[in-house]
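*Asks:* fold the stuff below for me.
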Amino acid sequence: MDRTGQHPRPFKQHVDQRFSQGCTSARRLFEEIAERGYPGKEQIVRKYVHRLRLAFPHQNPPRRKPSIRDATGWITRHPDRLDADDAQRLKEILARVPALAATARHVRAFAELMSDRRGRQLKEWIAKVHADQVPALSTFANGLLQDLDAVVAGLSLSYSSGAVEGHNNKIKMPCGSETDRTLNPAPACPWGPRPIRKE
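*Replies:* Below you'll find the model as predicted:
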């Protein structure tokens with residue numbers, strides 16, 4: 001896309017093809033080629049897309065119909081991270097499918113519970129999901145009820161035992177089993193052999 005040779009031709013071809021298919025969002029195109037290994041900055045893509053728009057001012061290519069993956073990504077992504085085109089397309093989809101609009105509303109409400117650590121409101125969120133009879137979330141909500149106290153704690157507390165468990169596993173690994181030590185002798189456990197208690 002520039003003259004430095006840092007950006008291989010396949011990325012340019014992808015952008016050209018997607019632009020001709022109707023995807024004219026620079027941010028969306030940048031995200032697509034970044035997933036494919038594009039090492040450059042978004043600003044370079046924006047400048048290239050701008051040149052395409054100048055080169056084809058009257059071009060109005062048909063818009064590709066959004067896939068299920070597209071809609072799911074738009075719903076689960078933070079609204080502030082959606083560009084204007086994606087936000088508008090999601091708005092159009094939700095206006096046509098009320099059930100999906102309800103699902104999107106509950107998904108974002110749950111995301112806010114997690115980010116704001118408002119675990120005590122989880123039971124209220126589950127009740128609203130059941131009241132709206134949202135099939136896509138009912139099974140998930142029922143699963144939360146099976147261990148509600150633990151989930152509420154996980155959504156409320158600012159710490160987790162995950163890191164501790166990871167360190168414990170690292171400590172336990174060198175010890176291994178008797179079979180492991182026979183096939184591949186490992187170093188002694190860092191705390192040494194367990195002393196034998198005399199009666």
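
*Asks:* against Asp70, how distant is Gln21?
*Replies:* Gln21 sits 13 Å away from Asp70 when distances are taken as C-beta to C-beta, to the nearest Å. Heads up, the C-betas are built off the backbone N, CA and C, glycines and all.

*Asks:* residues contacting the residue lying closest to Ala101 once chain neighbours are set aside?
*Replies:* Distances taken as C-beta to C-beta, 6 or more residues apart in numbering place Leu94 nearest to Ala101, at 4.0 Å, with adjacent residues excluded. Contact analysis of Leu94 by C-beta atoms under 8 Å, 6 or more residues apart in numbering lists Leu100, Ala101, Ala104.

*Asks:* rebuild those residues as TSV, extending it with neighbour count and secondary structure.
*Replies:* Below are the contacts of Leu94 laid out as TSV (neighbours: other C-beta atoms under 10 Å; DSSP: H, G, I helix; E, B strand; the rest coil):
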residue	neighbour count	secondary structure
Leu100	17	helix
Ala101	16	helix
Ala104	20	helix
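
*Asks:* can you add pLDDT and distance to Ser115 and give those residues back as CSV?
*Replies:* Putting those into CSV (pLDDT from 0 to 100; distance: C-beta to C-beta, whole Å) gives the following:
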residue, pLDDT, distance to Ser115
Leu100, 89, 22
Ala101, 90, 21
Ala104, 91, 16
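
*Asks:* which of these lies closest to Ile44?
*Replies:* Nearest to Ile44 among these is Ala104, at 32.8 Å by C-beta to C-beta.

*Asks:* can you tell me which residues contact the closest residue to that closest one other than its chain neighbours?
*Replies:* Spatial nearest neighbour of Ala104, excluding adjacent residues (C-beta to C-beta, 6+ apart): Ile75 at 4.6 Å. Counting by C-beta under 8 Å, 6+ apart, Ile75 makes contact with Leu90, Leu100, Thr103, Ala104, Val107, Arg108.

*Asks:* separation between Ile75 and Leu82?
*Replies:* For Ile75 relative to Leu82 (C-beta to C-beta), the value is 10 Å.

*Asks:* who touches both of those two?
*Replies:* With C-beta under 8 Å, 6+ apart, Ile75 and Leu82 have common neighbours Leu90.

*Asks:* mind checking how far the residue nearest to Ala104 is from Asp83?
*Replies:* Taken as C-beta to C-beta, the span from Ile75 to Asp83 is 15 Å.

*Asks:* cool, and Arg120?
*Replies:* Counting by C-beta to C-beta, the gap from Arg120 to Asp83 is 35 Å.
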